[in-house]
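S.K.: just coords:
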């Protein structure tokens, strides 16, 4: 497989995944908007978001969120050796054993929910704790659907099919929205929790069963736990299961500290992080999901130079996209929040608090996207231990920073600590991965990053000043005024970025755009026609 062919397949797959994630993030916006519109931001919404902690932890404990990085290398290993029947045997073993384990964990969580709620949100009042327990018990069974659906999605990814797995979060969000719209007026936040359970059953499990059937999945229940393929899966999964990486634990830590803050603090943090995750999910997650199967395949085939080139190209694209988005979002955080939440039950003080929190979360945006790619670089080489150890050490090392900043800056301090921690994690992963893969372009990537940061900082400052000039003339506290301001300033920011990129001599930025153009299907068709003899 040529490098150009790999790049074309990655681009095509990325487009599919990014389209699904974009739709999911838009619906995620709608989901949060419905929560804010139906209920607002208060102790009840804090309890709702806190109730996700135990289900999320269970999903993390069994590596459900990481199945694409633990099972795909196993499946591609057997496929590359023309032993696909054996790959399906391992798939059946994993489905059977982990299904039994999930049922046991869910039942344990249901039984000990009161004791676990005390650990999740120790600062809550008794009424809020009771609400957390009830909502946790209601949403906990969804984790069975998430896990089994994740492994069904993983085999679709391994087969180069991305469309149906990309629909899982879309369907999931639709049912949460429906639960809120149809039920919240009668049963409050419980309506959203019902939507979580139904959405997981339909989108994350039922739809993925259909997708797995379409790629020829073969399932025969077995508990052959001594099979080498299953043992390889366990070896790759255990470090992720036992680790407490900041990329997973940040939400839990924020909710724990947030339970001691004034009511609505957890909600402000949740809303702001959701806004930050929109470009992160579309760009960082989309590229990571789409490129990982190809990275794993290149490693299985021993094509290490091609693997490094794909990693470098992916990281440059991420830098060229996420760093400027971060800069513009920081400059325009208030109009962004007013655009999304202006027609809800949130008060102006809630909107201002969310906007300020968004600024500090967005400082770490690039780190969140880059660590997603870098971790998958390790996973593609069948090394899950290094990211697990680094992530766990940094999580504990960062706890004093959470404690210090939350004491001085409340909810803003938690957002600051989150960004500092994830940026440190990203830097360390980058240095270790460059050494592991013998990446000779390490220095060039760092220089490219610094140049884009410099240009983006100038753009952020200019957009912020322009925003101050426009504020007296635009009703930006309204939906239409905020939308107009965002359009004007975003266009101005893009023009300024291109101009300052030229001034600073960021040739790589032009090269990235040219590379994307050459990879486009229409470019290939034109080239083919030009080479066709008359």
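M.R.: Alright, I've got the coordinates. Here the structure is a predicted model, which is why all the values come from computation and not from measurement.
S.K.: pretty sure residue 370 contacts residue 426?
M.R.: Yes: using CB atoms under 8 Å, residue 370 is in contact with residue 426, at 4.8 Å. Where C-beta positions appear, they are placed from N, C-alpha and C, glycine not excepted.
S.K.: give me the more crowded residue out of those two.
M.R.: residue 370 (26 against 22; other CB atoms under 10 Å).
S.K.: so how far is the helix or strand hosting the more buried one off the chain centroid?
M.R.: Here residue 370, judged by DSSP states H and E, is contained in helix 365-380. Chain-centre distance of helix 365-380: 10 Å, with CA atoms, centre = their mean, to the nearest Å.
S.K.: can you give me the buried ones in it?
M.R.: 365-380 (16 or more other CB atoms under 10 Å).
S.K.: tilt between whichever helix or strand comes after it and helix 365-380?
M.R.: Following helix 365-380 in sequence order, the next helix or strand is helix 385-437 (DSSP H and E). Angle, helix 385-437 to helix 365-380, by axes from the mean of the first three to the mean of the last three CA atoms, to 10 degrees: 80 degrees.
S.K.: list the buried residues for the helix or strand that helix 385-437 is followed by?
M.R.: Helices and strands here follow DSSP H and E; after helix 385-437, the next one along the chain is helix 442-470. Counting neighbours by 16+ other CB under 10 Å, one finds that the buried residues in helix 442-470 are 442, 445, 448-449, 451-456, 458-460, 462-464, 466-467, 470.
S.K.: next SSE after helix 442-470?
M.R.: Next along the chain after helix 442-470, taking DSSP H and E as the criterion, comes helix 479-503.
S.K.: buried by neighbour count: which residues of that next one qualify?
M.R.: For helix 479-503, by 16+ other CB under 10 Å, it's 481-482, 484-486, 489-490, 492-493, 496-498, 500-501.
S.K.: max pairwise distance over these: which two?
M.R.: 481 and 501 (30.1 Å; CB to CB).
S.K.: any low-confidence regions in the stretch 101-250 of the chain?
M.R.: 242-244 (pLDDT under 70).
S.K.: and the helix or strand hosting residue 255, how far out from the chain middle?
M.R.: Per DSSP H and E, residue 255 falls inside helix 246-258. Distance, stretch centre to chain centre, for helix 246-258: 15 Å (CA atoms, centre = their mean).
S.K.: try stretch 74-87
M.R.: Between the centre of stretch 74-87 and the centre of its chain there are 28 Å (CA atoms, centre = their mean).
S.K.: endpoints of that stretch, how far apart?
M.R.: In stretch 74-87, first residue to last residue: 8 Å (CA to CA, to the nearest Å).
S.K.: thinking again about what came up before, other SSEs contacting the helix holding residue 255?
M.R.: helix 43-50, helix 53-61, helix 113-120, helix 265-279, helix 365-380, helix 385-437 (3 or more CB pairs under 8 Å, 6 or more residues apart in numbering; DSSP states H and E).
S.K.: packing partners of the fourth one?
M.R.: With contacts defined as 3+ CB pairs under 8 Å, 6+ apart, the packing partners of helix 265-279 are helix 3-38, helix 43-50, helix 246-258, helix 304-331, helix 333-341, helix 348-362, helix 365-380, helix 385-437.
S.K.: which of those helices sits most buried?
M.R.: Highest mean neighbour count of those: helix 365-380, a mean of 26 (counted as mean count of other CB atoms under 10 Å).
S.K.: average pLDDT for that helix, rounded please.
M.R.: The average pLDDT within helix 365-380 is 84.
S.K.: helices or strands next to it in the packing?
M.R.: Using 3+ CB pairs under 8 Å, 6+ apart, helix 365-380 sits against helix 67-70, helix 246-258, helix 265-279, helix 286-300, helix 304-331, helix 385-437.
S.K.: let me have those in CSV, adding distance to residue 82 as columns.
M.R.: Listed next are the helices and strands packed on helix 365-380 as CSV, based on distance: least, CB to CB, whole Å:
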stretch, distance to residue 82
helix 67-70, 22
helix 246-258, 36
helix 265-279, 40
helix 286-300, 12
helix 304-331, 21
helix 385-437, 27
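S.K.: quick one on the thing from earlier: quick one: which of the helices and strands packed on helix 265-279 is nearest residue 211?
M.R.: Across these, closest to residue 211 is helix 3-38 (CB to CB), at 12.3 Å.
S.K.: residue 226 sits in which helix or strand?
M.R.: Using DSSP H and E, residue 226 maps to neither a helix nor a strand.
S.K.: surely residue 190 meets residue 138?
M.R.: Yes: counting by CB under 8 Å, residue 138 is a contact partner of residue 190 at 7.0 Å.
S.K.: so which of the helices and strands packed on helix 265-279 comes closest to residue 182?
M.R.: Nearest to residue 182, of the helices and strands packed on helix 265-279 and by CB to CB, is helix 3-38 at 10.5 Å.
S.K.: and the closest one, what's its mean pLDDT?
M.R.: Across helix 3-38, pLDDT averages out at 69.
S.K.: and residue 430, what does it touch?
M.R.: The neighbours of residue 430, taking CB atoms under 8 Å, 6 or more residues apart in numbering as the test, are 370, 374, 442, 445.
S.K.: identify the farthest-apart pair in those residues.
M.R.: So, these by CB to CB: farthest apart are 370 and 442, at 13.7 Å.
S.K.: count of residues packed around residue 176?
M.R.: So residue 176, with other CB under 10 Å, has 27 neighbours.
S.K.: oh, I was asking about residue 99
M.R.: 15.
S.K.: next: the one 3 residues further on.
M.R.: If you count neighbours by other CB under 10 Å, residue 102 ends up with 22.
S.K.: same deal with residue 71?
M.R.: The burial count for residue 71: 27, using other CB under 10 Å.
S.K.: same question for the one 5 residues further on.
M.R.: Taking other CB under 10 Å as the criterion, the count of residues near residue 76 is 23.
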